[in-house]
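Q: okay, structure incoming, though there's no sequence with it:
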Ligand SMILES: Nc1ncnc2c1ncn2[C@@H]1O[C@H](COP(=O)(O)OP(=O)(O)O)[C@@H](O)[C@H]1O
Ligand SMILES: CCCC(=O)OP(=O)(O)O
C-alpha cells in the first residue's frame, strides 16, 4: 500500500510517503511568521500548502500514485479517536469551521488530491478534537463556557505507545500497554498541549488553540479574562485581529516577533534579556501545567514525556526538567511521530485491522 501523509502545522507543513510501513520520503517545510502573514485567514493557505506538497513529491521523484492520502485534521465536532474517511459532512464542517488552524487544511488537501486519482481514498486520524475528558474536567466557573479540548491527540498517543513499546522491549516478560500507564505528555510545538493520560485516555488536557494553558510560540494561552473583555470593547481591534492575539500573533510571536526557538536562544546568548525573560516565562508556564496534570492523576505518574519540535532544545528541556523532575521520571522524544502515526493508522484501516469510522 502506498500512502501519502500530510501534516499542516502552525509553523510547518510536513509530508511523508510510505510503502506500507517503510518511509520513502519525509519532508518538513518550515514557514516563517512573515511568509504566513500574507494570508488573511488560514484557509487562504490552501493552494500554497497544497502546491508545496505537489512540488515536494516532484522534487523527490515520487510518482503521484497512492492508495490513500491521509491528512492531520481538522477542527471538527468533538469525536472519539481513530481513523475517519473524509466525507461530505466532514468537508462541510471544515469549510465552515468556527476555529481556524492549519490542520483544517490537512483534511481538505487530502480530499482534493485523492480525487485526482482513481481508487484513492482520503482519511484523517486522531484529529485535534478527540475528546476523552473526565466530566469533572469540563466544568468551569461559568455554565456558559464549559471546557473543550483541542490538542496534539495524534502525536501524544503515538509517543505514549512508543514509550510503552520501549518498556516492553526492555522487559519482554512484562509487556506494558499505553492502557496500563499514567502519563503526563507535553507536546511543545507551535501550540503547546499538556495531557494527563490515565489508562489510555486523556482525562484532562488544555485547549492549546483557544486561550487555555501555557503560552506557546504562537498562542496566548490562558489570559486575564477581565482585561480581555476590556480589550474587546476598547475599539482598538476588530474581532478577527483580536482572535489573532489569541492564536497566530500571540505568545513568542507577539513578544519577540518570531516563533523560531533556535533563533531566540541565539539572541539570548548574544545578551537579549527580554528574549530570555519571555522564553523562561513560557517554560515556567509549561512546568505549572505539568504540575496541574500531576494533580489530575492524584500524583500517581509513571512518566512525564516531552515531545514536539521544541523538545530538540537543550535550553528548554533542561529548564523544564529542573522544575518538574521531582514529580516523575522525564523522557524526551524530540519532534513528533505524527506522519508515521497517520500512515500506520491508515494502513491498519485499509488492511481491516482498525475500524474506519464515519463522521456525522
Ligand atoms: N532543532 C530545534 N531546536 C529547538 N527548537 C526547534 C527545533 N526545531 C524546531 N523547533 C521549534 O519547534 C517549534 C515547532 O514545533 P513543531 O512540533 O514542528 O510544531 P508545529 O507542528 O506546530 O509546526 C517551533 O517553535 C520551532 O522553532
Ligand atoms: C490542533 C491543535 C494542536 C496544535 O496546537 O497544533 P500545532 O502545534 O501544530 O499548531
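A: Perfect, thanks for sending it. Owing to the predicted nature of the structure, the values given are computational and were not obtained by experimental measurement. Ligands and ions are numbered 1, 2, ... in the order given.

Q: number of residues surrounding the closest residue to ligand 2 within the stretch 251-360 of the chain?
A: Distances between the stretch 251-360 of the chain and ligand 2 by CB to the nearest ligand atom are smallest at residue 308, namely 7.0 Å. For glycine as for every other residue, the C-beta is placed from the backbone atoms N, C-alpha and C. Look at residue 308: counted by other CB atoms under 10 Å, it has 26 neighbours.

Q: any idea what it is bridged to?
A: Assessed by DSSP bridges, residue 308 has beta-bridge partners residue 334, residue 335.

Q: contacts only, for it.
A: Counting by CB atoms under 8 Å, 6 or more residues apart in numbering, residue 308 makes contact with 152, 155, 186-189, 192, 334-336.

Q: and the closest residue to ligand 2 within the stretch 201-350 of the chain, how many neighbours?
A: Closest to ligand 2 within the stretch 201-350 of the chain is residue 208: 4.2 Å, counting by CB to the nearest ligand atom. Residue 208: 28 surrounding residues under other CB under 10 Å.

Q: go on, residue 179?
A: Using other CB under 10 Å, residue 179 has 13 neighbouring residues.

Q: for the closest residue to it other than its chain neighbours, what are its contacts?
A: Nearest residue to residue 179 in three dimensions, chain neighbours excluded: residue 200, at 3.6 Å (CB to CB, 6 or more residues apart in numbering). By CB under 8 Å, 6+ apart, residue 200 lies in contact with 160, 177-181.

Q: just residue 119 next, same as before
A: So residue 119 contacts residue 67 (CB under 8 Å, 6+ apart).

Q: check the secondary structure at it for me.
A: Look at residue 119: counting by DSSP: H, G, I helix; E, B strand; the rest coil, its state is coil.

Q: same check, this time on the one 3 residues further on
A: When states are read from three-state DSSP, the local structure at residue 122 comes out as strand.

Q: would you map the strands across the protein?
A: In the chain, the segments counted as strands under DSSP state E are 2-8, 12-19, 22-30, 68-71, 83-85, 121-125, 182-188, 192-198, 201-205, 303-308, 330-334, 356-357.

Q: of those strands, which stretch is the most buried?
A: Among these, strand 68-71 has the highest mean neighbour count (mean count of other CB atoms under 10 Å), at a mean of 30.

Q: check the offset of that strand from the chain's centre.
A: Distance of strand 68-71 from its chain centroid, counting by CA atoms, centre = their mean, to the nearest Å, is 17 Å.

Q: which residues of the stretch 101-250 of the chain fall in helices?
A: With helices called from DSSP state H, counting those that start in this stretch, the stretch 101-250 of the chain shows them at 103-114, 135-138, 153-170, 225-232, 239-244.

Q: what's near enough to touch residue 280?
A: Here residue 280 is in contact with residue 319 (CB under 8 Å, 6+ apart).

Q: pLDDT score assigned to the residue sitting nearest the centre point of the chain?
A: Centroid-nearest residue in the chain: residue 152, 3.2 Å away (criterion: CA atoms, centre = their mean). We have a pLDDT of 95 for residue 152.

Q: which residues does the closest residue to residue 330 other than its chain neighbours contact?
A: Distances taken as CB to CB, 6+ apart put residue 304 closest to residue 330, at 4.7 Å, once the chain neighbours are dropped. With contacts defined as CB under 8 Å, 6+ apart, residue 304 is in contact with 183-186, 290, 324, 327-331.

Q: out of these, which is nearest to ligand 1?
A: Minimum distance to ligand 1 across those is 11.6 Å, recorded for residue 186 (CB to the nearest ligand atom).

Q: give me the pLDDT value at the residue of the stretch 201-350 of the chain closest to ligand 2.
A: Value for residue 208, per-residue pLDDT: 97.

Q: touching, it and residue 219? I think so.
A: Yes. Judged on CB atoms under 8 Å, residue 208 makes contact with residue 219 at a distance of 6.5 Å.

Q: count of residues packed around residue 284?
A: For residue 284, the count of nearby residues is 13 (other CB under 10 Å).
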